[in-house]
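1. sequence and computational prediction follow.
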Amino acid sequence: MPGLEPTLTHYLLLAAALLVISLVGIIANRRNVLVLLMAVELVLLSANLNFVAFSAYYNDLSGQVMAMFVLATVAVESAVGLALLILLFRRRGNIAIQTLDVMKG
Amino acid sequence: MTFSLIPLLPELTLLAALSLILLMVALYPSQDGTAAYRLTQLALWVALLALWLTQDIEEPQLIMNGMLLRSTSTLLMQSAALLALSLALLYGRASLIRQKLWQPETFMLFLCSTLGVLAVIGAYHFVPLFVGLELMALPLYAMVALRKDDALSIEAGLKYFFLGALASGFMLYGISLVYGATGSLGLLAIAHLAEGFGSSNTLLLLGLIFIVAGLAFKLSAVPFHMWAPDVYRGAPTLVTLFISTVPKLAVVVLLLRLMSGPLSSLLTEWQTMLALLAVLSMIVGAVVAIAQPNLKRMLAYSTIGHMGYLLLGALVGNTDGSSAAMFYILTYALSNLVAFGVLLSMNETSDGDSKNADGKITLSRGSDLEDFRGLYQRSPIRAVLMTLAMLSLAGVPPLLGFYGKFAVIAVALINGFVWLSIIAILTSVIAAFYYLRVVRLMLFSSRSEGEGEGEILPAIGVIPRTVLTLNGLALLALGLFPSVLLDTTAQALAWTFGLL
């Protein structure tokens, strides 16, 4: 159907919406560290959507190559984050954000 | 198309050492860190040698299909990064053993992060740039939480991880917008494509804002500095030294490179944002540090302040400003190595997780300012070296740190940033107060009767002591003859012809 196909603007708006959602998730979330982890990963993924959208728009492959590299780093990043969460759980017995206040920064 | 792997020898050396340590751990799981430590030091020096041998000094060149840049400035900064890690490991060796971190994995993480630093300093394309940044940052999160049984260390690691990952996300989002504005990921191509763009290009401008936010976080510039004091305090001291020195070298190069090349069409916007960051950093770094009872936290605010001065040089936006900023980060790194070298030789009890009767977690001691009271009577050499480091960080002539501050303030004044220069001078006077307070505590006050009796400071080995002393004397010697380092930096930049 002409006129209803998604254009570049739609993809960019979706990516921006994902960015806003993850920022809200980081700021409003006061309880669970796991949710924080998901929100942080979502920031990277929203940027990834941008890369793919621009890549299709310019008919240029380098954006998609970048997206693959980003996916790999996102995976590594969540591995590191989960490892830290396990350490925290072993030490404290819970993963609530409130326990992260021994040092008041 | 042919390309040779010879120019990549420094990076490949580190990668080989990294893989070898992994293999050693897999084959002999129960070994301690001695072999890994020696291998790391060897790899660092071989990489340094390879860096100097494989470099065609005069001409900057793009290698690997334009992915990486080799020039005099990358040579200088990469050498500085390798040398700084080598010195840091030498100073921190005994401290690692005391804190039971003498494992091969520790050195693997250091090597991995340094590999990322080399990649960022060399990167001339957004793919190696972003991958290098992550390679640099991800091991840092693990390194901060290295003391697995210490609650402070884990807390610092998590805070650093979340804020760091968010900053990487911002950076990447900015890169994606720049890609959207220009349609290319290579910095050289972007520089050509974005030449005519002004601030009217919304995508490019938004991209710039996100990228600056990411960079400011990595530099711990105010208002993106919240992580620094906690991470500095909670991390093992050697890791604090590493974080405050080596990755900063890479981020400074990255900042100057993006500013002078691909995004130079937005110079006014760069200057506005960097000026804001610089002023806030200088003020917060100077004022809040006064209230810190712990030396590591104080040094965190000191770093924040120093990043303010560095940004003051960087925001000028010409070759003189860039070379002043680069000179500044080198003087800062050299002074910081001495300060942390002394700190690493002190007793640090790792009782951050010992709970009191009421279940409250107490903070560990050993890096509090009180621990330095009357240090001169107990260990003159530590006190003298620490004094040199503090005076250099404060910017007292004739030490090296003075010329760093002098260079950035002079270049800012010449280029018409009068108000910023006045603020810089005022804040450096305020900052001198808390550096000199440490000196007064060490040299001119003594502990009250009976306090700390029976406490024995750990002995420093002959080699670390000699090198640390030389490092401290270098602050004085380079301060008396500042032109040596100043000319090297200026020349390194002059030879790169805009290809920073």
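-> Yep, it's here. What you see is a predicted model; the values in this text were computed from it and never measured.
2. find the nearest non-adjacent residue to the residue in chain A that chain B sits nearest to, please.
-> Nearest residue of chain A to chain B, counting by C-beta to the nearest C-beta: A:V43, 3.0 Å away. For the C-beta atoms, the positions are set from N, CA and C on the backbone; glycine is no exception. In space, A:V43 comes closest to B:G169 once its chain neighbours are excluded; the distance is 3.0 Å by C-beta to C-beta, 6 or more residues apart in numbering or on different chains.
3. can you tell me which residues contact the one you found?
-> Listed by C-beta atoms under 8 Å, 6 or more residues apart in numbering or on different chains, the contact set of B:G169 reads A:S22, A:V40, A:V43, A:L44, A:S46, A:A47.
4. buried ones in the host helix or strand of the third one?
-> So that's A:V43. A:V43 is located in helix A:33-58, with elements delineated by DSSP states H and E. For helix A:33-58, a neighbour-count test (16 or more other C-beta atoms under 10 Å in any protein chain shown) marks A:33, A:36-37, A:39-55, A:58 as buried.
5. quick one: distance of it to the chain centre.
-> 5 Å (C-alpha atoms, centre = their mean, to the nearest Å).
6. which parts of the helix or strand following it are buried?
-> Sequence-wise, the next helix or strand downstream of helix A:33-58 (DSSP H and E) is helix A:62-92. Neighbour-count burial for helix A:62-92 flags A:62-63, A:66-67, A:69-70, A:73-74, A:77-78, A:80-81, A:84-85, A:87-88, A:91 (criterion: 16+ other C-beta under 10 Å).
7. give me the element the closest residue to chain A within chain B is part of.
-> Using C-beta to the nearest C-beta, B:G169 is the residue of chain B that sits closest to chain A, at 3.0 Å. Following DSSP H and E, one finds B:G169 within helix B:151-182.
8. and the angle from that helix to helix A:62-92?
-> On the basis of axes from the mean of the first three to the mean of the last three C-alpha atoms, to 10 degrees, helix B:151-182 is oriented at 170 degrees to helix A:62-92.
9. which residue is the nearest non-sequential neighbour of the most centrally placed residue in chain A?
-> Central residue of chain A (C-alpha atoms, centre = their mean): A:L42, 1.8 Å from the mean position. Residue nearest to A:L42 in three dimensions, not counting chain neighbours: A:S22, with 3.7 Å by C-beta to C-beta, 6+ apart.
10. okay, now the unreliable bits of the stretch 251-400 of chain B?
-> Along the stretch 251-400 of chain B, segments meeting pLDDT under 70 span B:348-366.
11. show me the helices in it, by range?
-> B:267-289, B:295-314, B:319-344, B:375-378, B:380-394, B:400-414 (DSSP state H, counting those that start in this stretch).
12. local confidence estimate at the residue of chain B closest to chain A?
-> Listed pLDDT for B:G169 reads 94.
13. what two of the contacts of B:G169 are the furthest from one another?
-> A:V40 and A:A47 (12.1 Å; C-beta to C-beta).
14. how close does the residue of chain B closest to chain A get to A:N32?
-> 19 Å (C-beta to C-beta, to the nearest Å).
15. rewinding a little: just the angle between the helix holding A:V43 and helix A:62-92, please?
-> Using the same axes, to 10 degrees: helix A:33-58 against helix A:62-92 is 180 degrees.
16. average pLDDT across helix A:33-58?
-> So the average pLDDT for helix A:33-58 ends up being 92.
17. show me the residue sitting in the middle of chain B in space.
-> Centre-nearest of chain B using C-alpha atoms, centre = their mean is B:T245, 2.3 Å out.
18. read off the pLDDT value for it.
-> Confidence score, pLDDT, at B:T245: 94.
19. any idea which element it lies in?
-> Using DSSP H and E, B:T245 sits in helix B:237-260.
20. can you check A:V20 too?
-> Judged by DSSP H and E, A:V20 forms part of helix A:8-28.
21. what sits up against that helix?
-> Applying C-beta under 8 Å, 6+ apart, the set of residues contacting helix A:8-28 is A:35-36, A:38-40, A:42-43, A:45-47, A:49-50, A:52-54, A:57, B:162, B:166, B:169, B:173, B:176, B:180.
22. repeat that for 6 Å
-> Helix A:8-28 has contacts (C-beta atoms under 6 Å, 6 or more residues apart in numbering or on different chains) with A:A39, A:L42, A:V43, A:S46, A:L49, A:N50, A:A53, A:Y57.
23. that one - what's its average pLDDT?
-> Helix A:8-28 comes out at a mean pLDDT of 91.
24. and it with helix A:33-58, angle?
-> Interaxial angle of helix A:8-28 relative to helix A:33-58 (the same axes, to 10 degrees): 160 degrees.
25. follow-up on the earlier one: from the chain's centre, how far out does the helix holding B:G169 sit?
-> Using C-alpha atoms, centre = their mean, the offset of helix B:151-182 from its chain centre is 17 Å.
26. that one versus helix B:237-260: what angle between them?
-> Helix B:151-182 and helix B:237-260 are oriented at 10 degrees to each other (the same axes, to 10 degrees).
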